[in-house]
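**Student:** Quick one, fold the following:
(one chain, ligands or ions: 2)
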Amino acid sequence: MACLTPPTQRLFDARGRRLDYADRTLVMGILNVTPDSFSDGGRSAALSDAVTNAWRLVDEGADILDIGGESTRPGHTPVPAEEELRRVLPAVEALAELPVPISIDTQKASVAEAALQRGAAIVNDIWGLMGDPEMARVAAAYDAGVVAMHNRTNVDPAVDIVADIVAFFEQSLERAARAGIRPERMSLDPGIGFGKTFEQNLRALSALGEFVRLGFPILLGTSRKSLIGKVIETTPAERLPGTIASNVLGIAAGCAIIRVHDVAAHVQAARVTEAILHAS
Ligand SMILES: Nc1nc2c(c(=O)[nH]1)N=C(COP(=O)(O)OP(=O)(O)O)CN2
Ligand SMILES: Nc1ccc(C(=O)O)cc1
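**Tutor:** Numbering: from 1, shown residues only. Ligands and ions are numbered 1, 2, ... in the order given. Predicted structure coming up:
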């Protein structure tokens, strides 16, 4: 199988924006320019709010800014490409001078390409290059970084989710290799909250070390998600403590990137976690 071999250095390289995760976890700040995202919908839908919130996330210590124009929460209504472009492109353009790389959170190759043309550096695909058939080609053409997230169309409680995630990653890496994407450009994400039962989400979180051992940077996205509300009844706005708990364990397991709404709190949590890990 034409699978990518893992990079030799702990560097995630997106269009020359080198993200070093050897000594510290990278924090990806979430900017949803949507009216309906599950926890921050509407907060950055107006361009002036998007710009203000983006700079705040960077001031708080975000290493990457993830811009999304379609909520993919369970039960979401799909957004046509024209509408998604109308939402994300002004934000990508207005934030081109940001000191951190922009990642475009989209499942559409046309949206990814338009954002890459305007300076985005990373494609964050919730279908791990296995959805839109043009996605891998577009990422390769721009030498973009890629976040390949595991997902499933059907939730199946009987599936061994860890084996399913590893098999999916292998297929994503094969697609990436075929399209000419370099190993240093790839990161993998188990897709917490996507196509999984509550038990499977917990199982995936408890097996992060197995994904880390594949050798590619692992991105973890648990921020304010419903699995936290299932453990302890809370609204999304009340889930920061549970989010931090999951990310601290993710860092201890070797994850390279955490994707979060609450950047300042996670920068502090990450630095303290790393200080303790380095002392041992
Ligand atoms: N790579 C990756 N991408 C993601 C992930 C994730 O875990 N990993 N979670 C999301 C859901 O969170 P968001 O706050 O963006 O919610 P929304 O889908 O309602 O906009 C959206 N995008
Ligand atoms: N896009 C998503 C948004 C939210 C969740 C969740 O709360 O589990 C999952 C996916």
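**Student:** The protein against ligand 1: which residues are in contact?
**Tutor:** 30, 32, 34, 37-39, 68, 71-73, 105, 124, 126, 147, 149, 189, 191-192, 219, 221, 259 (Cβ under 6 Å from any ligand atom). Where you see a C-beta, it was placed from the backbone N, CA and C, and this is true even at glycine.
**Student:** since we're on whatever residue of the chain ends up closest to ligand 1, how many residues are nearby?
**Tutor:** Closest residue of the chain to ligand 1, Cβ to the nearest ligand atom: residue 221 (2.1 Å). By the measure other Cβ atoms under 10 Å, the count of residues near residue 221 is 26.
**Student:** show me the contacts for it.
**Tutor:** By Cβ atoms under 8 Å, 6 or more residues apart in numbering, residue 221 lies in contact with 149, 189, 191-193, 258-259.
**Student:** Strands along the chain, start to end?
**Tutor:** For the chain, the strands defined by DSSP state E cover 11-14, 17-20, 26-32, 64-68, 102-105, 122-125, 145-149, 186-189, 219-220, 257-260.
**Student:** Quick one: mean pLDDT for the longest one?
**Tutor:** Translated: strand 26-32. For strand 26-32, mean pLDDT is 98.
**Student:** What count of nearby residues applies to the closest residue to residue 270 other than its chain neighbours?
**Tutor:** Once flanking residues are discounted, residue 270 sits nearest to residue 25: 4.6 Å by Cβ to Cβ, 6 or more residues apart in numbering. Residues near residue 25, counting by other Cβ under 10 Å, number 24.
**Student:** repeat for residue 255
**Tutor:** If you count neighbours by other Cβ under 10 Å, residue 255 ends up with 25.
**Student:** give me phi/psi at it?
**Tutor:** As for residue 255, its main-chain torsions (degrees, to the nearest 10) stand at phi -60, psi 150.
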